[in-house]
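J.: pasting the structure only:
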């Protein structure tokens, strides 16, 4: 168990290193107004903190830097509460001020403001289509052989699928199909649509739609297509401003991972709900060994919808970054709940 003095010194070293990105010596800590200990006393405690694994010494003659264990202890026990300024809150509110904007544009703007406010890489994972329920169906004919099937979910997400028509379809048949789908399938989870078409629609389609067999086959084929995951990024190049990422190989490894939306989607999907802070190796990815990731989920009412987050160096300005992510996720939840519940 650390003494009160060791806690003060560890907190001061983490704060100083986050600010300067330079190893921290005992003399610089002793000059802080909130530290009243002599350089010799601080040196002794720094040695003890290093032996306990909270600090590291990058070079034999240098000061100390926090280890990942040190950062974890700092986040869990030493972090001071942070309040956003009125201007910062207004910047977040402006993202959601126009309720007429498209949902995807709202997520892009959320990623942008998150990146601008933290100077880190921001990520917004869009609504999980598989978890959403159907709100509305439309079919827009493009030609005698093709039409666009438009699915609108209860989470406001819009998905377009190509509907290939194997024979000339009477427009009135398409109109009847849309009416039946909206009457019979509203509220069905999207991942159950294929089976629900058989159980909920087959009989009534047979009675009212002339090209029943052909349209049913086209629908099943269209709904069997894989639904791409929506991942929105902003500020990827921000990481290049961090001295820890002057190593080209390190940057390439991280950027290669970020290019794979499926990998990032899988990583975010495995995060626990609520606010999460993963530091370095806790992310269990080589590309993230020197990164920390802060995530928070957003929802519509009690239904989990997606995740927002930031990626930065382990030398992250945690107290402010955590507050920004938390505030924005709650604002996004409030707006989506108002719009879609």
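T.: Looks like it arrived, so ask away. As the structure is a prediction and not an experimental result, all values here were calculated from the model.
J.: which stretches of the stretch 1-150 of the chain form strands?
T.: Assigned by DSSP state E, counting those that start in this stretch, the stretch 1-150 of the chain shows strands spanning 55-56, 65-66, 121-125, 134-141, 146-153.
J.: dump the ones you listed to JSON lines, plus mean pLDDT.
T.: Output for those, formatted as JSON lines (pLDDT from 0 to 100):
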{"stretch": "strand 55-56", "mean pLDDT": "96"}
{"stretch": "strand 65-66", "mean pLDDT": "96"}
{"stretch": "strand 121-125", "mean pLDDT": "94"}
{"stretch": "strand 134-141", "mean pLDDT": "89"}
{"stretch": "strand 146-153", "mean pLDDT": "88"}
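J.: nearest to residue 174, out of these?
T.: Closest to residue 174 of the strands of the stretch 1-150 of the chain, according to C-beta to C-beta: strand 134-141, at 5.2 Å. C-beta: built from backbone N, CA, C; applies to glycine.
J.: tell me what angle that closest one forms with strand 146-153.
T.: Interaxial angle, strand 134-141 versus strand 146-153 (axes from the mean of the first three to the mean of the last three C-alpha atoms, to 10 degrees): 170 degrees.
J.: what does strand 134-141 contact?
T.: With C-beta atoms under 8 Å, 6 or more residues apart in numbering as the test, strand 134-141 has contacts from 147-154, 163, 171, 174, 177-178, 181-182, 185-190, 193.
J.: can I assume residue 82 is in contact with residue 323?
T.: Yes - assessed by C-beta atoms under 8 Å, residue 82 is found in contact with residue 323 at 4.4 Å.
J.: just to revisit the earlier point, ranking the strands of the stretch 1-150 of the chain by burial, who's on top?
T.: The highest mean neighbour count among these, using mean count of other C-beta atoms under 10 Å, belongs to strand 121-125: a mean of 26.
J.: would you map the helices across the stretch 151-300 of the chain?
T.: 171-184, 193-196, 202-208, 212-223, 248-258, 261-269 (DSSP state H, counting those that start in this stretch).
J.: how many neighbours does the spatially closest residue to residue 77 that is not a sequence neighbour have?
T.: Closest residue in space to residue 77, ignoring its immediate chain neighbours: residue 7 at 7.7 Å, by C-beta to C-beta, 6 or more residues apart in numbering. With neighbours defined by other C-beta atoms under 10 Å, the count for residue 7 comes to 17.
J.: for residue 115, same thing?
T.: Using other C-beta under 10 Å, residue 115 has 20 other residues around it.
J.: same question, residue 53
T.: Residue 53 sits with 12 neighbouring residues when counted by other C-beta under 10 Å.
J.: any idea how far the residue lying closest to it once chain neighbours are set aside is from residue 233?
T.: Leaving out its chain neighbours, the residue that sits closest to residue 53 by C-beta to C-beta, 6+ apart is residue 69, at 4.8 Å. The gap separating residue 69 from residue 233 is 30 Å, by C-beta to C-beta, to the nearest Å.
J.: also residue 39?
T.: Taking C-beta to C-beta, one finds residue 39 at 45 Å from residue 233.
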